[in-house]
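Visitor: could you look at this predicted model? Sequence included:
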There are 2 protein chains.
Amino acid sequence: MSVPNTDVRSLVATALPMPVPVDEYDGCPVTGLLRLLSDKWSMLVLVLLGRQPYRFNELHRAIGGISQRMLTRTLRGLESAGLVLREVHPTVPPSVEYRLTPLGQSLLGPLSGLADWAVGNEAALAAGRRRAGAAESSGPR
Amino acid sequence: MSVPNTDVRSLVATALPMPVPVDEYDGCPVTGLLRLLSDKWSMLVLVLLGRQPYRFNELHRAIGGISQRMLTRTLRGLESAGLVLREVHPTVPPSVEYRLTPLGQSLLGPLSGLADWAVGNEAALAAGRRRAGAAESSGPR
DNA sequence: CTGAATCCAGAAGGATACTG
DNA sequence: CAGTATCCTTCTGGATTCAG
């Protein structure tokens, strides 16, 4: 297996072709995952489904501010990636349940790692922003 | 401190207000981080700077396909977050070096966690995509 | 060399109305 | 209930030009 362009694994050791050719990031699983999760709603949906299964409108109500259109698109994206399972009960009226697949559940761990870092370094991040703001107002670039 | 809206920490245990009010994700460090990193280039720049410091044009050459404008914007974003340090050497012609701050370096760990997951589950993700493709061509929604 | 400024195209996301 | 379809606005990013 050749080394993907933007492979982030083993950050210090892995060799990267230089210059890094960026063909829309094709072939890099890491970038693929990031692009899948980096929209406005996927993370939140993933987290909610990590707690319990939801029906469509349940989920719609549970998230303040998402449009029906975006909820559908988000769920389809996660489903296509194999992270979410869509279960249709052929009742009248129809009922559709969404839940995480085992693969989706296994993602919650690494995701928590990143979340923990963000929470743990919230103060440092804020301090960095303050320094940046101060430097900006005092001197030009 | 109140619980941020989309706090992902301790995914199963943490209470979330329901419905989750999404006021542009303000106040959630996790979402803030995700939004910072979820653009087209930040991750790659972070990884490259994790290996060694780079000068501006060095970085520009190292990444195939990034525009000068986007490289500048990406670096400014990471700098504002306190992840990247910008060091100006007042020479002629000017020389500017970029490197990770300690905070930036500490982010590489959790990031690797996510990257490892992506690499480790590449096959499963591909299989999920195949199943999704098969289901799509066989039956309507 | 290291940018900033301007202009432009495409993608992402929201509002609304309609359907099986 | 669980979506689709359509229209519209905003945001992102690329190309190009100019400047210290």
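Guide: Yep, it's here. Numbers count the residues shown, from 1 in each chain, chains lettered A, B, ... in the order given.

Visitor: check whether stretch A:101-113 comes near chain B.
Guide: Yes - against chain B, stretch A:101-113 shows contacts by Cβ under 8 Å from any Cβ of the partner chain at A:Thr101, A:Leu103, A:Ser106, A:Leu107, A:Leu108, A:Gly109, A:Pro110, A:Leu111, A:Ser112, A:Gly113. Glycine gets a C-beta too; all of them are placed from N, C-alpha and C.

Visitor: may I see the buried residues of that stretch?
Guide: A:Thr101, A:Leu103, A:Gly104, A:Ser106, A:Leu107, A:Leu108, A:Pro110, A:Leu111, A:Ser112, A:Gly113 (16 or more other Cβ atoms under 10 Å in any protein chain shown).

Visitor: and the longest helix anywhere in chain A, what does it pack against?
Guide: In chain A, assigned by DSSP state H, the helix with the most residues is helix A:102-120. Helix A:102-120 sits against helix A:42-51, helix B:29-37, helix B:102-120, helix B:122-138, with contacts defined as 3 or more Cβ pairs under 8 Å, 6 or more residues apart in numbering or on different chains; DSSP states H and E.

Visitor: and the ones you listed: which comes nearest DNA strand D?
Guide: Proximity to DNA strand D (Cβ to the nearest atom of the strand) singles out helix B:29-37 among those, at 7.4 Å.

Visitor: give me the angle between the closest one and helix A:102-120.
Guide: Taking axes from the mean of the first three to the mean of the last three Cα atoms, to 10 degrees, one finds helix B:29-37 and helix A:102-120 inclined to each other by 100 degrees.

Visitor: please see if helix B:29-37 touches chain A.
Guide: Yes - applying Cβ under 8 Å from any Cβ, one finds that helix B:29-37 is in contact with chain A at B:Pro29, B:Val30, B:Thr31, B:Gly32, B:Leu33, B:Leu34, B:Leu37.

Visitor: so what's the most centrally placed residue in chain A up against?
Guide: Nearest to the geometric centre of chain A sits A:Leu37, at 2.5 Å (Cα atoms, centre = their mean). By Cβ atoms under 8 Å, 6 or more residues apart in numbering or on different chains, the residues touching A:Leu37 are A:Met43, A:Leu46, B:Leu34, B:Ser38.

Visitor: excluding its backbone neighbours, what's nearest the third one?
Guide: Take B:Leu34 and drop its neighbours on the chain: the residue closest to it by Cβ to Cβ, 6 or more residues apart in numbering or on different chains is A:Met43, 6.2 Å away.

Visitor: excluding its backbone neighbours, what's nearest A:Arg55?
Guide: Spatially, and ignoring its direct neighbours in sequence, A:Arg55 is nearest to A:Glu97 (5.6 Å; Cβ to Cβ, 6+ apart).

Visitor: my read is the one you found is in a strand, agree?
Guide: Yes - counting by DSSP: H, G, I helix; E, B strand; the rest coil, A:Glu97 is located in a strand.
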